[in-house]
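>>> model this:
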Amino acid sequence: MTPSTIGGINKLPEDEKRAIYARYIPKSLLERFRLPDADSQRIQSFLQFRFAPGSSDVEMSLFHEKNFPDPILYAHLTDTMNGQIHVLLYILNDPDSPRFNVDKLPDGTPTRFGTLHRNLAAEQGALEAGLAPGQVRHGVRMLGDAINAFEGFVESLGHDMYFVEPLYYHNAVIFERYGFTYQVGKRLMDKIQAGFQPGGDLSARLDGSSPFRQPDAANSIRRRSWAIHDGILGEPFTNVTMYKRVGKHAGISTPPGCEW
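Next up, the predicted model:
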């Protein structure tokens, strides 16, 4: 029987672990980049894992070609205290799009996607190119397929729900639109929505003092996220945890009518 937790899977032999974790790779992603099927041995040369026996988390990177600097899919999963699946980070990259080095300073120091340090020049370039905070490249626009594949993986482990940790404001809004709701953080999201309304405290701080705080950011999810990343809240965007029941849509929308 397949274990029900990341910690349990990590106790298995390496080939079994790899086969189980490959289940949540969306087939459409493999087809787009002409990669072998997820259950093929040939896919393994494009996959990198960190899943030490005894650990309760796994990092997976799927590359479209060997030696490319960025994966087309990166996922970091762990177990909750109750043995549920918790997604700490999930990234889909378009390798054919330009790269913006928001993840490192000019001297190579990691920024942790701007949460520890900020490469302001790279961030401004990313903003102007239509990217959101934390993105080094454009996405591949396959999140719906990725969620469907991931829910199949979750079900195969015997679960009917799973959790995600949105790193930025726009991530939380995107997850809302794909059916997630809040375990923690709904009050913060409602407060942000109110703050960006005319006369709100956050709208008043969109004073043009930086490229990330332009007045039109109030009406854009992506630009709101940049303003929040720039510190407009007066504190980091943290302590937001969301969850989704497999096959169900929660119908939550904290910024109704706000465009991307």
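>>> what residue is smack in the middle of this structure?
For the chain, Y90 is the residue whose C-alpha lies nearest the centre (CA atoms, centre = their mean; 3.8 Å).
>>> tell me the SS of the spatially closest residue to that residue that is not a sequence neighbour?
Take Y90 and drop its neighbours on the chain: the residue closest to it by CB to CB, 6 or more residues apart in numbering is A75, 5.1 Å away. C-betas here are computed from N, CA, C, even on glycine. Following DSSP: H, G, I helix; E, B strand; the rest coil, we place A75 in the strand state.
>>> coming back round to it: A strand includes the residue nearest to the centre of the chain, no?
Yes - assessed with three-state DSSP, Y90 lies in a strand.
>>> any idea how far L77 is from it?
9 Å (CB to CB, to the nearest Å).
>>> could I get the contacting residues of K11?
3, 53-54 (CB atoms under 8 Å, 6 or more residues apart in numbering).
>>> look at it and report its pLDDT.
According to the prediction, K11 has pLDDT 96.
>>> does it belong to a helix, a strand or coil?
coil.
>>> so that it lines up with my notes, have the first residue be 521 from now on.
OK, 521 is where the count begins now, so the last one is K531.
>>> quick check: phi and psi on it?
phi -80, psi -10 (degrees, to the nearest 10).
>>> from K547, how far out is it?
Distance of K531 to K547, given as CB to CB: 28 Å.
>>> can you get me a residue count around L608?
A count of nearby residues for L608, using other CB atoms under 10 Å, gives 14.
>>> wait, it sits on D577?
Yes - taking contacts as CB atoms under 8 Å, L608 lies within contact range of D577: 7.5 Å.
>>> shared neighbours of these two, anything?
Shared contacts of L608 and D577 (CB under 8 Å, 6+ apart): 596-598.
>>> closest one to R743 out of these, please.
Closest approach to R743 among those (CB to CB): H596, at 26.9 Å.
>>> for the closest one, list each beta-bridge partner.
Assessed by DSSP bridges, H596 has beta-bridge partners E579, L609.
>>> check contacts around it.
Contacts for H596 were tallied using CB under 8 Å, 6+ apart; they are 577-579, 607-610.
>>> at 7 Å what do you get?
Counting by CB atoms under 7 Å, 6 or more residues apart in numbering, H596 touches 577, 579, 608-609.
>>> and the pLDDT for it?
97.
>>> tally of neighbours for the residue lying closest to S575 once chain neighbours are set aside?
Closest residue in space to S575, ignoring its immediate chain neighbours: N530 at 5.6 Å, by CB to CB, 6+ apart. Neighbourhood size, N530 [other CB under 10 Å]: 22.
>>> how about the one 4 residues further on?
When counting by other CB under 10 Å, one arrives at 12 neighbours for E534.
>>> from the centre of the protein, give me the residue that's furthest out.
G719 (31.4 Å).
>>> tell me where the stretch 621-770 of the chain has strands.
For the stretch 621-770 of the chain, the strands defined by DSSP state E, counting those that start in this stretch cover 681-684, 701-704, 761-765.
>>> who's in contact with the first one?
Counting by CB under 7 Å, 6+ apart, strand 681-684 makes contact with 600, 604-607, 674, 695, 700, 703, 761-766, all of which sit outside it.
>>> M580 touches Y541, doesn't it?
Yes - here M580 reaches Y541: they are 5.6 Å apart, a contact under CB atoms under 7 Å.
>>> who touches both of these two?
F569.
>>> re earlier: so how far is L726 from the residue nearest to the centre of the chain?
Distance of Y610 to L726, given as CB to CB: 29 Å.
>>> then Y544?
Distance, Y544 to L726, using CB to CB: 38 Å.
>>> so those two - more neighbours on which side?
Neighbours were counted for Y544 and for L726 using other CB under 10 Å; Y544 has more, 24 against 20.
>>> and the helices in the protein, which stretches?
In the chain, the segments counted as helices under DSSP state H are 526-529, 534-541, 547-552, 640-648, 663-676, 689-697, 706-715, 721-724, 741-749.
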